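*Asks:* Need the 3D shape of this:
(chains A and B)
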Amino acid sequence: MANDNKTGAEVSFFGASLKKAGKFASKYTTYITFIALLILLAIMTNGQALRWISIKNLIIAEAVRSFAALGVGMIIITKGIDLSIGYVVCLCASVAASFAQPADYAGALYVGKTFPIIVPIIAGILTGLIFGLLNGALVAYGKLPPFIATLGSMSIAKGVQLIYTNASVVGSLKPAFKKISQGYVGPIPNLAIYILVAALLVWVLLKHTKTGTNFYAIGGNQQAARVSGIKVERSLMIAYGLAGICYGIAGTLQASRLGLANSLTANGMELDAIAAVTVGGVSQNGGVGTVGGMMIGVFTMGLINYGMTYMAINSYYQQLVKGLIIILAVYFDMRKYSKR
Amino acid sequence: MDSEYAIEMQGITKQFPGVLALNDVTFRVKPGSVHALMGENGAGKSTLMKCLFGIYKEDAGKILLFGKECHFTGSGDALRAGVSMIQQELANCPERTVAQNLWMGREPLTKAHFIDHKRMHSDTVAVLKSVDLNISPETRMGSLSISKQQSCEIARAISYDAKVVVMDEPTSSLTEDEVVHLFKLIRQLRDKNVAVIYISHKMEEIFQIADTVSVMRDGCMIGTYPIGDLTNDKLISLMVGRKSTERFPDIGEDPKTEVTLKVDHLTSAVERSFQDISFELHKGEILGLGGLVGAQRTELVESIFGIRPVASGDVYVKGQKIEKLDPQTLIKSGVGLITEDRRGSGLFPLMSITSNTSIPSLSQYLNKLHLLNHPKIDTDAKKYNADLNTKTPSMDTRIQNLSGGNQQKVIIARWLMTLPDILIMDEPTRGIDVGAKHEIYLIMTQLIKMGKSIIMVSSEMPELIGMSHRIIVLCEGHETGVLEKKDMTQENVLRLAATFMK
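*Replies:* Presented below is the predicted three-dimensional model:
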């Protein structure tokens, strides 16, 4: 009898811990997937993937995308979306690049002029901010669906970029400007430091400020947020504006990393960024998502790219796989948050 | 083989993680009967119905339709078999016409497989006639009143030759006249030998319309009774499982002390909404706002709170005129609003209890660096919910996983955390079971004892009368009278609520 009781208790204890494990797994799916992928890749590459040089390359490859992801991550938390990322980043890169060409370069946009290194940085970020605020105003005050608003601004950004650069390459950038992305602090690439700082700042914003909490509330239930005294329009302006700044930084860093900008720069980055944050658990339903998730999402996608390249899979197929991953991620996201 | 029952659900058991939602439930409905299914929220009524329609798969038990075992895979499937559901929240396409909605998915076709508009039109006219609905089949669904949309839904069920019709809280947004009409339709269905399963919390309705009552409690079927064997009190005690004690706590005398809120000649910016409303709210008072659907009570309180536009008039809080009516200003002045539509404008469904509680009061929890003081937020949110006896597995639980009553408590906790002096409660007990209702009444009583004031909008007559010191009655946006405690009778409220002014 006593024995039976004990077994019962053990069974229920086992059941409870199993349940806990399940809960843990569902909460940290993204992290577990990432680690599993990393291990898989390490085995497939005989440990190559875990070497510092590989990790460093991964970080450098994903840095610019991380900024785009942080930006659009905030927007998706407010239950918005941003399709303009690719061309806005492209425009920001072009604007930044145009102010970073040497005075003696005959093909420069401003021939015979040279600017201090701060000018391209500020110009790039400002361009991003302007487009962010434009998107924000259209969504918050114009009451346009974010999908349509940013579809429009996407085309505007593309047009402005083509007009501004006359559809030509903005290249031969000054070494000092290229060093922004290409430089190192000791063994650590500058880009790694930028991401770390940016992720930290966005984390503080989302987790520890009222502004960030308001994003979640608006995404969770805009009407309830309004009743709770949240200035919805202003908060949306802030979210899209901050995202714009992220895109501006992304563009500037991309120009610096590649040493040039043209109309193909950051092509399709909206897809990459949205996919990454979705894989990272930022819900398209709004009101759900963490900075950790966004970053893990970016690097998960990075690992998948790396793995496919390592396995010498044709890049056309990589595009296809990426599409499937997005669909799967959203599918599971929708199931997770729908009522049982 | 024929059975004496239209629907027979035998030994249905359904387990969800952590809860036994249905425990060996047997439910039988005869044709030509209006069978009420009663029980507190969470008793298992909707789960049982979802098993019937195949939205959930029961773990054990079987379902028989006229003696034949059946397994529906959703409401469409059930509809084709003659089992129809009239939802509480109507599911139609508001931008499509009545005819298009009625024949959706089974439009009559011509020989060439194009849509036969002519036949669709004439069939619609015929079906609408059977529910006394005199409208053109080309009317846009969304332009109809809720009551007429509901009649269309019933017409749709009839057009499918439904043998079983389930109605879930069908009267929740109907006026008295519309309820009368609905009951007429229900009786017509019954006379056509249709089995009507009627789910409602409103006792008065049950005694008017039902002939048989089944009561559920905690996932079990308590019993099935002919209506003649039941009284109001007996029914409540069956549902609650205990004697129904005093329905309303003692709210004491009208305090008639200082004025905390004054509304002065307030007129809505929306045409045909409320006009020229003036009243005063005293400290420690519960002021009831009564009226029929369309009386513009929700519009009034939401305008006071600044969510809807105002054309003219002023609001004073503690003698101070509010210069700009918006929620931020009102919250700062010590006013809170619990909205009528909990899902639409109350809950942040995917967020935790803590977040749901603290969102409007975050400004009070900023440190010197303007960062949120999370430990303090956590403790306070927990404390307010504990005070209100919110039942939740943890403070991190998503609010969508709580029952309606507990969600409402979280929303009340949310507003108490903003330290208000005035709480506007719009239908504070809508969609909440009897037990939780009583708890909400007790909370309201405590609040007024603490010197807070409450404006309560309520469509439930006994609640309005039992829980108000004074009642202001509106009719189509006009103030038609004020009732003091001694004059509060259902007749008086109804008379004023139906005093139409031009």
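
*Asks:* ranges for the helices of chain A?
*Replies:* Assigned by DSSP state H, chain A shows helices spanning A:2-27, A:29-44, A:52-77, A:85-98, A:118-140, A:146-165, A:175-182, A:190-208, A:210-220, A:222-227, A:232-258, A:269-279, A:291-310, A:315-337.

*Asks:* Dump the ones you listed to CSV, plus mean neighbour count and distance to chain B.
*Replies:* Heads up, the C-betas are built off the backbone N, CA and C, glycines and all. Below are the helices of chain A laid out as CSV (neighbours: other CB atoms under 10 Å in any protein chain shown; distance: least, CB to the nearest CB, whole Å):
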stretch, mean neighbour count, distance to chain B
helix A:2-27, 10, 8
helix A:29-44, 15, 16
helix A:52-77, 24, 11
helix A:85-98, 31, 25
helix A:118-140, 22, 15
helix A:146-165, 18, 18
helix A:175-182, 17, 29
helix A:190-208, 18, 4
helix A:210-220, 24, 4
helix A:222-227, 23, 4
helix A:232-258, 26, 10
helix A:269-279, 26, 15
helix A:291-310, 22, 14
helix A:315-337, 14, 6
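
*Asks:* Turn those helices into a markdown table, including mean pLDDT and distance to A:Tyr110.
*Replies:* Below are the helices of chain A laid out as a markdown table (pLDDT from 0 to 100; distance: least, CB to CB, whole Å):
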| stretch | mean pLDDT | distance to A:Tyr110 |
| --- | --- | --- |
| helix A:2-27 | 55 | 52 |
| helix A:29-44 | 88 | 44 |
| helix A:52-77 | 95 | 25 |
| helix A:85-98 | 97 | 7 |
| helix A:118-140 | 98 | 10 |
| helix A:146-165 | 97 | 12 |
| helix A:175-182 | 96 | 14 |
| helix A:190-208 | 96 | 26 |
| helix A:210-220 | 95 | 37 |
| helix A:222-227 | 94 | 44 |
| helix A:232-258 | 97 | 15 |
| helix A:269-279 | 92 | 26 |
| helix A:291-310 | 92 | 34 |
| helix A:315-337 | 83 | 36 |
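
*Asks:* nearest to B:Arg308, of these?
*Replies:* Closest approach to B:Arg308 among the helices of chain A is made by helix A:222-227 (10.8 Å; CB to CB).

*Asks:* And the contacts of the closest one?
*Replies:* Identification of contacts with helix A:222-227 by CB atoms under 8 Å, 6 or more residues apart in numbering or on different chains yields A:79, A:214, A:217-218, A:232, A:235, B:305, B:307, B:327, B:337, B:339, B:344-348, B:359.

*Asks:* which one is the residue in the stretch 351-500 of chain B positioned nearest to chain A nearest to, not counting chain neighbours?
*Replies:* Across the stretch 351-500 of chain B, no residue is closer to chain A than B:Pro360, which sits at 4.0 Å (CB to the nearest CB). Nearest residue to B:Pro360, sequence neighbours excluded (CB to CB, 6 or more residues apart in numbering or on different chains): A:Ser228, at 4.0 Å.

*Asks:* Run a quick neighbour tally on the one you found.
*Replies:* 29 (other CB atoms under 10 Å in any protein chain shown).

*Asks:* What residues does it make contact with?
*Replies:* By CB under 8 Å, 6+ apart, the residues touching A:Ser228 are A:217, B:327, B:331, B:359-360, B:414.

*Asks:* CA atoms of the one helix or strand B:Ile443 maps to as PDB?
*Replies:* Following DSSP states H and E, one finds B:Ile443 within helix B:434-449. This file holds the C-alpha atoms of helix B:434-449, laid out as PDB (Å, rounded to 0.1, in the frame of the first residue of the first chain):
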ATOM      1  CA  VAL B 434     -22.900  33.800 -11.100                       C
ATOM      2  CA  GLY B 435     -20.200  33.100  -8.500                       C
ATOM      3  CA  ALA B 436     -17.800  35.600 -10.000                       C
ATOM      4  CA  LYS B 437     -20.600  38.200 -10.400                       C
ATOM      5  CA  HIS B 438     -21.100  38.200  -6.700                       C
ATOM      6  CA  GLU B 439     -17.400  38.700  -6.100                       C
ATOM      7  CA  ILE B 440     -17.400  41.700  -8.400                       C
ATOM      8  CA  TYR B 441     -20.300  43.200  -6.400                       C
ATOM      9  CA  LEU B 442     -18.400  42.700  -3.200                       C
ATOM     10  CA  ILE B 443     -15.400  44.400  -4.700                       C
ATOM     11  CA  MET B 444     -17.600  47.400  -5.800                       C
ATOM     12  CA  THR B 445     -18.900  47.600  -2.300                       C
ATOM     13  CA  GLN B 446     -15.400  47.700  -0.800                       C
ATOM     14  CA  LEU B 447     -14.400  50.400  -3.300                       C
ATOM     15  CA  ILE B 448     -17.100  52.800  -2.300                       C
ATOM     16  CA  LYS B 449     -16.400  52.100   1.400                       C
END
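
*Asks:* Can you give me the buried ones in it?
*Replies:* Using 16 or more other CB atoms under 10 Å in any protein chain shown as the burial criterion, the residues of helix B:434-449 that qualify are B:434, B:436-441, B:443-445, B:447-448.

*Asks:* My guess is B:Leu474 contacts B:Gly288. True?
*Replies:* No. Using CB atoms under 8 Å, B:Leu474 is not in contact with B:Gly288; the gap is 11.0 Å.

*Asks:* Next, show the common contact partners of the two.
*Replies:* Contacts common to B:Leu474 and B:Gly288, judged by CB under 8 Å, 6+ apart, are absent.

*Asks:* Any idea how many residues pack against the closest residue to chain A within chain B?
*Replies:* Across chain B, the shortest distance to chain A (CB to the nearest CB) belongs to B:Phe348, at 3.5 Å. Residue neighbour count, defined by other CB under 10 Å, stands at 24 for B:Phe348.

*Asks:* one step back: of the contacts of A:Ser228, which pair is most distant in space?
*Replies:* Largest separation among the contacts of A:Ser228 by CB to CB: A:Ala217 and B:Ile331, giving 13.8 Å.

*Asks:* that older thread, helix or strand right after the helix holding B:Ile443?
*Replies:* strand B:453-457.

*Asks:* which other helices and strands contact the following helix or strand past that next one?
*Replies:* Tracing the chain past strand B:453-457, the next element assigned as helix or strand by DSSP H and E is helix B:461-467. Judged by 3 or more CB pairs under 8 Å, 6 or more residues apart in numbering or on different chains; DSSP states H and E, helix B:461-467 is in contact with strand B:286-290, helix B:434-449, helix B:490-497.

*Asks:* Just the buried ones from the contacts of A:Ser228?
*Replies:* The neighbour-count test (16+ other CB under 10 Å) marks A:217, B:327, B:331, B:359-360, B:414 as buried among the contacts of A:Ser228.
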